[in-house]
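Visitor: the following block contains a protein sequence and its predicted model.
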Amino acid sequence: MNASEAKAAVAALFDKTAESYEELGVEYFAPMGRALVERAGVAPGERVLDVGCGRGHVLFPAAAAAGPRGTVVGTDLAPGMVARTAEAAADLPWVSVALGDAAEPDFPDGTFDVVLAGLVLFFLPVPEEALAAYTRVLRPGGRLAFSTFARHDPVFGGTVKALAALCPPGQGERPADRFEKPEEIRALLTLWEAVEITEVPVETRFSDLDHVWRWLWTHGMRGLLESIPTERLDEAREAAYAALSPAVEGEEVVLRTRLRVTTAVRPG
Ligand SMILES: C[S@@+](CC[C@H](N)C(=O)[O-])C[C@H]1O[C@@H](n2cnc3c(N)ncnc32)[C@H](O)[C@@H]1O
């Protein structure tokens, strides 16, 4: 798959998840988005770009922090995400949402005080190019804040492995994560100042194993599930339940994720 095919596949995947994304009564992306905006320190009146805005779990906390004297622009590749988030932002005249590639933000130089990227940079084939573009659209002294995963719950990792084992050979493999280690992140940010990397624990509670199964279809994990032949989906669900069983606590299933938040300043 070449870069433009990979981009189209990511857009199509998230388009399918757009309706149900964070809509199953599970708090997963919302606390992560709030943590990112808090660490970015978005202030009233600031001009903010949120790339890969999805359903706005970074965008809306940023809009609240920037306030009506600010400007908040969200972009995403998936039309379904853009349409729903634009509709949800209709009463916030300082917020706009449009189709756009996080790898190539199409704005004049120095447009923004802050660029935010929540759980999106690891989808980009060449993150270096995106980071260079963010230095261009930020004003001197502007801030970048992005989130990646520091550590998935080991039970979640085991579930992914069990599901990947049911995919045909060559499918279900995830591309290498360029953001896995803090030192790899720092190596991508050598031209930035004041790089800070922190971790945020996020606990996600599900009412039962079936709730987790339905949730897996509502975000990026759907790509893995769609690689499993339809006739093996019952087997996949059983395998997921077995892998998830250590996370059952009383009536609930609890996953504990560590989000990693990186902040950096564009040299003045
Ligand atoms: C895991 S979701 C995160 C959404 C949101 N930032 C949040 O924190 O909830 C990833 C989002 O990035 C979008 N995305 C993936 N690659 C992208 C790209 N190259 N440009 C813009 N958006 C992209 C997807 O469509 C999806 O909405």
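Guide: In hand now; what should we look at?
Visitor: pretty sure V261 sits in a strand.
Guide: Yes - counting by DSSP: H, G, I helix; E, B strand; the rest coil, V261 is part of a strand.
Visitor: what number of residues lie near it?
Guide: Residues near V261, counting by other Cβ atoms under 10 Å, number 22. For the C-beta atoms, the positions are set from N, CA and C on the backbone; glycine is no exception.
Visitor: so what's it closest to, chain neighbours aside?
Guide: The spatial neighbour of V261 that comes closest, neighbours along the chain excluded (Cβ to Cβ, 6 or more residues apart in numbering), is R39 at 4.7 Å.
Visitor: what about the one you found, which SS state?
Guide: In the three-state summary, R39 is assigned as helix, counting by three-state DSSP.
Visitor: show me what contacts it?
Guide: Residues touching R39, when contacts are defined by Cβ atoms under 8 Å, 6 or more residues apart in numbering, comprise A145, T198, V261, T263.
Visitor: at 10 Å instead, please
Guide: Contacts of R39 were listed using Cβ atoms under 10 Å, 6 or more residues apart in numbering, and they are R143, A145, S147, E196, T198, V200, L259, V261, T262, T263.
Visitor: partner residues bridging the fourth one?
Guide: Here E196 sits in beta bridges with T263, as judged by DSSP bridges.
Visitor: where does it land on pLDDT?
Guide: For E196, the model assigns a pLDDT of 98.
Visitor: burial count for it?
Guide: By the other Cβ under 10 Å criterion, the neighbourhood of E196 contains 11 residues.
Visitor: contacts only, for it.
Guide: For E196, the contact set (Cβ under 10 Å, 6+ apart) comprises R39, A145, V261, T262, T263, A264, V265.
Visitor: of the residues you listed, list those near the ligand.
Guide: The subset of the contacts of E196 lying close to the ligand, counting by Cβ under 6 Å from any ligand atom, is empty.
Visitor: out of those, flag the one nearest to E184.
Guide: Distances from E184 to those, taken as Cβ to Cβ, are shortest for T262 (10.8 Å).
Visitor: what stretches of the stretch 101-250 of the chain score poorly on pLDDT?
Guide: For the stretch 101-250 of the chain, applying pLDDT under 70 flags the ranges 175.
Visitor: near the ligand, which residues of it?
Guide: Counting by Cβ under 6 Å from any ligand atom, the residues of the stretch 101-250 of the chain near the ligand are D101, A102, A103, G118, L119, V120, F123, L124, H219, G220.
Visitor: can you pick out the ones from these that are in strands?
Guide: Among those, the members falling in strands are G118 (criterion: DSSP state E).
Visitor: CSV for the residues of the stretch 101-250 of the chain next to the ligand, including neighbour count?
Guide: What follows is these, written out as CSV (neighbours: other Cβ atoms under 10 Å):
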residue, neighbour count
D101, 17
A102, 25
A103, 21
G118, 28
L119, 21
V120, 26
F123, 20
L124, 23
H219, 19
G220, 16
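Visitor: columns distance to Q171 on top of the residues of the stretch 101-250 of the chain next to the ligand, output as TSV?
Guide: As requested, these are exported to TSV (distance: Cβ to Cβ, whole Å):
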residue	distance to Q171
D101	25
A102	25
A103	24
G118	27
L119	22
V120	23
F123	18
L124	21
H219	18
G220	15
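Visitor: list the contacts of Y28.
Guide: Neighbour list for Y28: 21-22, 57, 202-206, 215, 218-219, 255, 257 [criterion: Cβ under 10 Å, 6+ apart].
Visitor: the residues you listed, buried ones only, as a PyMOL selection?
Guide: What follows is the PyMOL syntax for the buried subset of these, where burial is set by 16 or more other Cβ atoms under 10 Å:
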select buried, resi 21+22+57+202+204+206+215+218+219+255+257
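Visitor: and the gap between whichever residue of the stretch 151-268 of the chain sits closest to the ligand and F123?
Guide: Sorted by distance to the ligand under Cβ to the nearest ligand atom, the residues of the stretch 151-268 of the chain start with G220, at 5.4 Å. The spacing between G220 and F123, counted by Cβ to Cβ, to the nearest Å, is 8 Å.
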